[in-house]
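Enquirer: the amino acid sequence is not available; the structure is as follows:
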């Protein structure tokens, strides 16, 4: 809880900080990478830095946390903190790195706001930062303990057992621990971080959802190649598609992620678009193995059947459930595809059972549309869960 004095100061300065938070985030990252270029090379996603999405996500999370402290002092944004902490754990973030961030973030605030940052203002925002940082550190320590690793020690070497070309732009890699030790357990919907050495020597990291346990000691993840039509090509996805083959080795983190089934018997709706289908397949596999008997509605949108990664598995796993139905929308369907399932996903004609719990994964505009339709159909906001591939801009965009 924020102290009474700091609460008044943060409330008074929040409009100014909020208005300048984008500039603060820009300057923060410049200062951080000037002082620690290795963080941009080997930890932060260079693609997200170039596009500005990581800066937007940072700005949104700080503003949301500070706003919660002053408007709802007895509560904490645990969903946001949990999502950030899981991502941090998959990267091996440790407590000392928060000191580095603190140094450059507070310096950026002081430089952007100038004389408005009095000692009292600096102290108040310092308190905000450490409340957020210490909450994240505590969650991350629990996440590390759950995996049986020391803080930051999440990396193991894995060997590619096989590679499957799902679509022209999606490849699935089946991997096994190189040391022959058991593969760590995971909860369906979770992801791993994969570290890839690039031609310039950088060791860039990306997260990929686990699509299932392909056999004893095996894990699978699928990689969509990021084309350069609307921006730079994905340097990691392009490298994996071009170079990674059976027998190759790579460093992979322990599994993390908070988009997991809650274990209830409630009706479920699993909605995805594009490569967002990957955590859904893992969930469907779990439901089939457990003999889930409540209604399950599976929704997916894609450009075409040929672009629909793991389409056969998507349909087959749905078919294993006793009370499940799949609805696939395609913008460019094959002949004979239902007209009402042509175009982008539209739930207006899809029955949604009372008490449904929904899980969404896909591009942000897709999830915003689906969430709004689910709310209109009476699904409780607390029962709609989502995963964003990349920086979470939901908060940053309001």
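Expert: Okay, I see it. Given the structure is predicted, the values throughout are model-derived calculations rather than measurements.
Enquirer: contacts and neighbour counts: CA atoms only from here.
Expert: Will do.
Enquirer: direction included, what does the host helix or strand of residue 160 pair against?
Expert: Element membership for residue 160 (DSSP states H and E) is strand 155-167. Using DSSP bridges, the strands paired with strand 155-167 are strand 170-177 (antiparallel), strand 249-253 (antiparallel).
Enquirer: for the last one, which outside residues touch it?
Expert: Read it as strand 249-253. Here strand 249-253 makes contact (CA atoms under 8 Å, 6 or more residues apart in numbering) with 90-91, 154-160, 178, 192-196.
Enquirer: hmm, 6 Å instead?
Expert: Strand 249-253 is contacted from outside by 90, 154-159, 192-195, using CA atoms under 6 Å, 6 or more residues apart in numbering.
Enquirer: check the longest one too.
Expert: Residues from elsewhere that reach strand 170-177 (CA under 6 Å, 6+ apart): 158-165, 217-224.
Enquirer: rounded mean pLDDT for that strand, please.
Expert: The average of the pLDDT scores along strand 170-177 is 97.
Enquirer: equivalent analysis for stretch 253-260, please.
Expert: Mean predicted lDDT for stretch 253-260 stands at 96.
Enquirer: give me the pLDDT for residue 396.
Expert: pLDDT, residue 396: 44.
Enquirer: ignore what I typed, I meant residue 146.
Expert: Reported pLDDT for residue 146: 96.
Enquirer: offset the numbering so it begins at 845, please.
Expert: New numbering, starting at 845: the last item is residue 990.
Enquirer: may I see the buried residues of stretch 949-969?
Expert: Residues of stretch 949-969 classed as buried: 949-954, 956-957, 961, 965-969 (neighbour count, 16 or more other CA atoms under 10 Å).
Enquirer: report the distance from it to the chain centre.
Expert: Its chain's average C-alpha position is 31 Å from that of stretch 949-969, according to CA atoms, centre = their mean, to the nearest Å.
Enquirer: can you measure across it, start residue to end residue?
Expert: End-to-end distance for stretch 949-969: 10 Å, by CA to CA, to the nearest Å.
Enquirer: same deal with stretch 1144-1156?
Expert: 13 Å.
Enquirer: same question for stretch 1095-1107.
Expert: 31 Å.
Enquirer: got it, and stretch 957-970?
Expert: Stretch 957-970: ends 15 Å apart by CA to CA.
Enquirer: show residues contacting that stretch.
Expert: So stretch 957-970 is in contact with 850, 954, going by CA under 6 Å, 6+ apart.
Enquirer: at 7 Å what do you get?
Expert: 850, 853-854, 954 (CA atoms under 7 Å, 6 or more residues apart in numbering).
Enquirer: then stretch 1105-1112?
Expert: For stretch 1105-1112, contacts defined as CA under 7 Å, 6+ apart pick out 1138-1141, 1197, 1199-1202.
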